[in-house]
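Trainee: coordinates only, no sequence provided:
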């Protein structure tokens, strides 16, 4: 009997009516002859409500106790969904993270799954139960309650699918799949039928919030096919799978999608003496201030000095600028400049591996629109550029059109 | 170092401010040099909110899933209280029922505690932690989440005190102790300094809602001293303990208190042939209808028939009456009568054991007020009478005055 793991997010479970709709959906799959494991998040708004309660008492609550508090959110949902299934005449059993023996490390609020003891779940499935598991949560080896961090329910779903060797892990969300780009920017954006894990990772890391990155990494490692589907509409969604599987089913497009990120800011330090260790001297203090750095570029100048540019999250811009100015004084750098009105745009596709000339085609398309490129960075299946934020829509539309993403190729 | 187990109810924890007040109180005891274990209920209103959520989905949810749902209530409180303690610079650790290894049987919604594995709690106490435990909840041997039924947090407190051999189990509530009778009926009612377990059991079973009966039974079995205290006022409260302990500290009063119960209804079947098994034939169908019977009286009539009277909860009156009428037909009884405007009033006291004449003094006091007694039942330390509900206040005041309960004897 095929085994499906389905994950429903908070929006899909935000009310009594929605929980009942999820129950009906799960039952439809069960009636088609599938064994069903359902992973659920807290009802939408619940986690925020709990965080607010905690912060009223302590703005910086200890991770251990915050996890005890937050995990009540999914515990409510598993019970209610199991009840809705019972009410419809189906055997169902709920599991908290602890009961499902989802063992994690002890890093509260951002724990990682180490193992799942799925023996009991298998037994329940065998006896005909629909198994409902709380996403986002686990326990460490000392029985402390842990959480996987926001969005961790995706990871729970994939990890369970891997442990149970499920045929598919289906992630139900409020969009009906992964698109070539954001349809709010390009109305012609098209839903992708398949995508490789690598492509999804690049898309996700660039702000496409459909799936949690860690879940995709997990799925890639254990080769769990993930399907992104809408909770509210019918459809086949987008299947995320291995290269080989994707190749079989896939229109070998050059690029699969265009991702972008509006939350970037760029900082540059010019005229630094190019000595060993200079990168560390510049980025060390930034990192010490808990600021994450995204793109990093270093150019060698003509006069034995170097120019050093990096991007950070826009929220961290002021702090990073202050840090950089201090460093500049110490290193006797010529000047520090910054720009927090930039965006990053990336084209993503495994097709790049076997096709030359994609980068130059990208630059050509942007040049045709008179868009100035501020930074470039490339990986095996991705080319990213930084441009002035005013060009975002123009650039994304030009690339979407230029790489012919709107048509089913 | 003395070890105290303190239990705080939902009203004591009903808001952020109240949780913080409990934290301050716990800290005061800790600073006095006590090891502290704190058992908490769900915030007031929370359990009702969760039950309502469940019933929206299924008016009769399965016990297992209802327990999963309800136990989130205390889980929220343990986390928040631990945070409030941390914020004040105290080491604290929260435990769910599962984490405290409070092992129960598998009767969902009314489980009984079988054992507590307190090794971890001891370790945490030793390293200076205040231990915060979720009341009302446990797990069965299959790791299913269970609850002890409403008011079960008292039982958790006493069970933990027994397991940890605590010096005292302190139950903080919204009254400052156990009174000779309800002060709303008799303003002169006096707080008792001590009371025996047996007396408390009789008082509790008669509607004095200060302590859960099962908790008192547990405390008696393991000889755990319980002290009832107010969360909101200072004071010594009432100590509930063994006969011997109570004797030492106690003014040997004839009776300790007057309890009453307004929720009674009386049913009588007259003129039943007095054959073996008649009691079963009458009460069997009542019990089959899930109606609990309280007092039972059987009088032998003159003509070889018998009259049979019993009391039930007032809510069950109509159902019991219907059942009894059917039985009457079958047994060819003369008639069935009922009265749902009665109350039960009891005087309770270990002093009765060694003093004769208390019953007749009680009847005399009632007769002086012209109060007609409908039923009488006695136990070793209690005499109960059923009277018309209109006499309740008059009777209780006459007994309180007549047995001289208002003065410190």
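Mentor: All right, it came through fine. The structure displayed is predicted, hence computed values, not measured ones.
Trainee: what does chain A put close to chain B?
Mentor: Counting by CB under 8 Å from any CB of the partner chain, the residues of chain A close to chain B are A:16, A:19-20, A:50, A:53-54, A:56-58, A:61-62, A:64-66, A:68-69, A:71-72, A:75-76, A:78-80, A:82-84, A:86-87, A:93-94, A:96, A:98-99, A:143-145. C-beta: built from backbone N, CA, C; applies to glycine.
Trainee: mind checking which helix or strand of chain A has the lowest mean pLDDT?
Mentor: For chain A, using mean pLDDT, DSSP states H and E, the weakest element among its helices and strands is helix A:243-249, scoring a mean of 62.
Trainee: what's the first helix or strand after that helix?
Mentor: Where DSSP states H and E defines the elements, the next helix or strand beyond helix A:243-249 is strand A:257-273.
Trainee: next, the distance between the ends of stretch A:103-113.
Mentor: One end of stretch A:103-113 sits 6 Å from the other (CA to CA, to the nearest Å).
Trainee: for it, list every residue counted as buried.
Mentor: A:103, A:104, A:108, A:109, A:111, A:112, A:113 (16 or more other CB atoms under 10 Å in any protein chain shown).
Trainee: in a helix, the first one, correct?
Mentor: No: according to DSSP: H, G, I helix; E, B strand; the rest coil, the state of residue A:103 is strand, so it is not within a helix.
Trainee: show me what contacts it?
Mentor: Contacts for residue A:103 (CB atoms under 8 Å, 6 or more residues apart in numbering or on different chains) come out as A:113, A:114, A:115, A:116, A:117, A:138, A:139, A:140, A:141.
Trainee: any idea how many residues pack against residue A:230?
Mentor: By the criterion of other CB atoms under 10 Å in any protein chain shown, residue A:230 has 15 neighbours.
Trainee: for the residue nearest to it when sequence neighbours are not counted, give me its contacts.
Mentor: Sequence neighbours aside, residue A:176 is the residue nearest to residue A:230 in space, at 3.7 Å (criterion: CB to CB, 6 or more residues apart in numbering or on different chains). Contacts of residue A:176 were listed using CB under 8 Å, 6+ apart, and they are A:191, A:229, A:230, A:233, A:235, A:237.
Trainee: which one of the buried residues of stretch A:103-113 sits closest to residue A:319?
Mentor: Proximity of these to residue A:319 was ranked by CB to CB; the top entry is residue A:109 with 22.0 Å.
Trainee: could you find the closest non-adjacent residue to the residue of the stretch 301-409 of chain A found nearest chain B?
Mentor: Nearest to chain B, among the residues of the stretch 301-409 of chain A, is residue A:315, at 26.1 Å (CB to the nearest CB). Closest residue to residue A:315 apart from its sequence neighbours, by CB to CB, 6+ apart: residue A:263 at 7.4 Å.
Trainee: now do the one you found, the pLDDT please.
Mentor: Note on residue A:263: pLDDT of 88.
Trainee: over to residue A:92?
Mentor: On pLDDT, residue A:92 comes in at 98.
Trainee: what distance do you get for the nearest residue to it once chain neighbours are set aside to residue A:133?
Mentor: With CB to CB, 6+ apart as the criterion, residue A:92 has its nearest non-adjacent residue at 3.8 Å, and that residue is residue A:85. Counting by CB to CB, to the nearest Å, the gap from residue A:85 to residue A:133 is 13 Å.
Trainee: what's the answer for residue A:50, then?
Mentor: Between residue A:50 and residue A:133 the distance is 19 Å, computed by CB to CB.
Trainee: just the buried ones from the residues of chain A next to chain B, in PyMOL syntax?
Mentor: One line in PyMOL is enough to select the buried ones among the residues of chain A next to chain B; burial here means 16+ other CB under 10 Å:
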select buried, chain A and resi 19+20+50+53+54+56+57+58+61+62+64+65+66+68+69+71+72+75+76+78+79+80+82+83+84+86+87+93+94+96+98+99+144+145
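Trainee: hang on, the earlier thing: identify the contacts common to residue A:85 and residue A:133.
Mentor: Residues touching both residue A:85 and residue A:133 by CB under 8 Å, 6+ apart: none at all.
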